[in-house]
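**Q** Attaching a predicted model along with its sequence, questions to come.
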Amino acid sequence: MRIAVVIGSTRPGRKGEAVGRWVAEQATARVQAGEAAEGVEYELVDLAGFDLPLLSEPTVPGAANGQYENPATAAWARTIAPFDGYLFVTAEYNHSIPAAFKNAFDVLFVEWRHKAIGFVGYGAANGVRAVEHWRAVVANASMLQARNQAGVNVFTAFSPDGTFTAPEELVTTLRTTLGELEELTALAASRRA
Ligand SMILES: Cc1cc2nc3c(=O)[nH]c(=O)nc-3n(C[C@H](O)[C@H](O)[C@H](O)COP(=O)(O)O)c2cc1C
């Protein structure tokens, strides 16, 4: 079972890359320590590398059945499709989901459908409102979502020079979230079989 840790912020100077890389390292360490569910592998996917245009497909994604005309959308779909589960590392912009990340979700459909998802939010208020909005969004793709979530306060976790240091409770909440996501990923895979 493959789970993607998805860095969803694309902004120059973003904090999301440091958070996402740390999360992916923790997830990989969990596998190496034998703490993860049997057969689970984690990989980092960085949305910033895809330069996705805004909703450029003429066919509604839910009807496209994985066939996309724009090469950037097709490359994004090829990256996302093989995974069984996703951990979205999401910023909060104006109390909601960053537009580029929402667009990256919207341009695909079958790739997400009936799979599992968990969330790590970050922001001034730990990204909780963005995660709450994500929960309503991913429901449309019939995704199994982990109730547990992790959150990062950017004011306390980042020092003035931009160094990220994870607080102890983040280690704990991430572990709980990953455990639930791994269970749901297996469950979702068995439902799709
Ligand atoms: C356009 C914009 C809107 C923001 N709105 C919020 C907000 O509503 N709530 C919040 O907690 N933080 C907000 N922030 C602060 C971000 O959570 C913080 O800057 C975070 O580092 C953004 O993620 P990024 O650095 O990966 O882009 C906002 C930041 C930006 C750029």
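**A** Right, received. Where do you want to start? Numbers count the residues shown, from 1 in each chain.

**Q** so the residue positioned nearest the centre of the chain bridges to which residues?
**A** Centroid-nearest residue in the chain: F88, 1.6 Å away (criterion: C-alpha atoms, centre = their mean). Beta-bridge partners for F88, by DSSP bridges, are V6, F119.

**Q** Just want to check the distance between it and A4.
**A** Look at F88 and A4: by C-beta to C-beta, to the nearest Å, they are 9 Å apart. C-betas here are computed from N, CA, C, even on glycine.

**Q** Up against the ligand, what does the chain have?
**A** Counting by C-beta under 6 Å from any ligand atom, the residues of the chain lying close to the ligand are 9, 11, 14-16, 91-95, 123-125, 154.

**Q** Going by neighbour count, which of these are buried?
**A** Buried residues within the residues of the chain next to the ligand, counting neighbours by 16 or more other C-beta atoms under 10 Å: 9, 14-16, 91-93, 123, 154.

**Q** Can I get the residues you listed in JSON lines including pLDDT?
**A** JSON lines is the format used below for those (pLDDT from 0 to 100):
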{"residue": "S9", "pLDDT": "97"}
{"residue": "R14", "pLDDT": "97"}
{"residue": "K15", "pLDDT": "98"}
{"residue": "G16", "pLDDT": "98"}
{"residue": "A91", "pLDDT": "98"}
{"residue": "E92", "pLDDT": "98"}
{"residue": "Y93", "pLDDT": "98"}
{"residue": "G123", "pLDDT": "98"}
{"residue": "V154", "pLDDT": "97"}
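
**Q** Can you tell me which of those residues lies closest to G39?
**A** Checking those against G39 with C-beta to C-beta, the nearest one is G16 at 28.1 Å.

**Q** helix, strand or coil for the nearest residue to that closest one once chain neighbours are set aside?
**A** In space, G16 comes closest to S9 once its chain neighbours are excluded; the distance is 3.4 Å by C-beta to C-beta, 6 or more residues apart in numbering. Under DSSP: H, G, I helix; E, B strand; the rest coil, S9 falls in the coil class.
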